[in-house]
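> here are the coordinates; sequence isn't available:
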């Protein structure tokens, strides 16, 4: 099994053992790790391909590269690849909108799946589901700040849920804590039927009704352009499992932002992960729904704290010092 940086657990152990035991030979490394020598040699070859070890005059024939240097180089390669992938994802958004429109015009679709085009159609269907909600209403998102006209459309849905007495839970962007008007609105929901938690960024916008139907709206340019509505059990179960995982990670809105590993806040940890995944400052700001100025202020603060000379070194040092884990950059 490989981690997100392409290192399996044994290769990582070999590398750390070399750092701890400068000059150790293959046999000594194998004895320490309780592995056979051939396996250790294979991992050394793999570490060499990742530029974490280089030829040297030690007994093993290799010497380890300093963690901040080697990890920075690996992060640079990962960042290049992820940046290319992210461009493909961004290009696909318009295609999604086009497909929604085509399905709405009458194309045959998958049984149990509805395709809606236009904000009116989306909110009309969401209202219908709310009127039939019997047990719980789960929401995640939106994943970005939307126009007031869009967020205002959710008001009638909240009233319907209150009237029906349906249990409601919501996970929203942590950036709402910086907006007094939004906080008043969210707290108003929490005081009645909703329990609200926050995360620095969200993977998708979804509305789950009684775990029998899920609505996945598509938003561009601060407005809703369409949605998928699915009543297929295997799909709704998957979205329910996603909500459960996110809920466990999220912070109750009533609690102050905690500081975590290495004294980092959740926001600081998250922006480090986004940078390591290849996002630019502007893309990270959009994902977290904060200003570009906020992200750059975080960059200056974290660079000073870790004593880094570059963004790549900052990511490497954050991993090396436990601020984030290598797995966090997947």
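Everything's here; your move. All of these numbers come straight from a predicted model, not from anything done at the bench.

> quick one: the helices in this structure, in order.
9-20, 26-33, 37-49, 67-104, 119-131, 148-152, 155-164, 180-192, 233-249, 266-276, 281-288, 292-306, 311-320 (DSSP state H).

> hey, what's the angle from the first one to helix 37-49? Just curious.
Between helix 9-20 and helix 37-49, the angle formed by their directions is 80 degrees, by axes from the mean of the first three to the mean of the last three Cα atoms, to 10 degrees.

> ok, and for helix 9-20, which residues are buried?
By 16 or more other Cβ atoms under 10 Å, the buried positions in helix 9-20 come out as 10-15, 17-18. (C-beta placed from N, C-alpha, C; glycine too.)

> okay, the angle between that helix and helix 26-33?
110 degrees.

> by contact count, what packs against helix 9-20?
Helix 9-20 sits against helix 26-33, helix 37-49, strand 62-64, with contacts defined as 3 or more Cβ pairs under 8 Å, 6 or more residues apart in numbering; DSSP states H and E.

> flag the shaky bits of the protein, pLDDT-wise.
Scanning the chain for pLDDT under 70 picks out 1-7, 57-58, 60, 67-110, 147-155, 179-194, 221-222, 255-263, 312, 321-330.

> tell me how many other residues crowd residue 35.
Residue 35 has 16 neighbouring residues, counting by other Cβ atoms under 10 Å.

> oh sorry, the question was meant for residue 272
26.

> my read: it touches residue 311, true?
No. Judged on Cβ atoms under 8 Å, residue 272 makes no contact with residue 311 at a distance of 9.9 Å.

> ok, and what's touching stretch 165-182?
130, 133-145, 161, 183, 186, 189, 193-202, 243, 246-247, 250-251, 253, 257, 266-267, 288-290 (Cβ atoms under 8 Å, 6 or more residues apart in numbering).

> before we move on, the earlier item: out of the buried residues of helix 9-20, who's nearest residue 122?
Nearest to residue 122 among the buried residues of helix 9-20 is residue 12, at 46.2 Å by Cβ to Cβ.

> now that closest one: how far from residue 21?
15 Å (Cβ to Cβ, to the nearest Å).

> out of the contacts of stretch 165-182, which end up buried?
Using 16+ other Cβ under 10 Å, the buried members of these are 130, 133, 137-145, 161, 186, 189, 193-194, 196-202, 243, 246-247, 250-251, 253, 266-267, 288-290.

> OK, contacts around residue 55?
So residue 55 contacts 48, 61-63 (Cβ under 8 Å, 6+ apart).

> beta partners for it?
Assessed by DSSP bridges, residue 55 has beta-bridge partners residue 62.

> and it, how far is that from residue 37?
Distance, residue 55 to residue 37, using Cβ to Cβ: 18 Å.

> also residue 125?
Counting by Cβ to Cβ - residue 125 and residue 37 are separated by 64 Å.

> in this structure residue 282 contacts residue 294, no?
No. Counting by Cβ under 8 Å, residue 282 sits too far from residue 294 to count as a contact (11.7 Å).

> between those two, who's got more neighbours?
Taking other Cβ under 10 Å, residue 282 and residue 294 do not tie; residue 294 has more neighbours (18 against 11).
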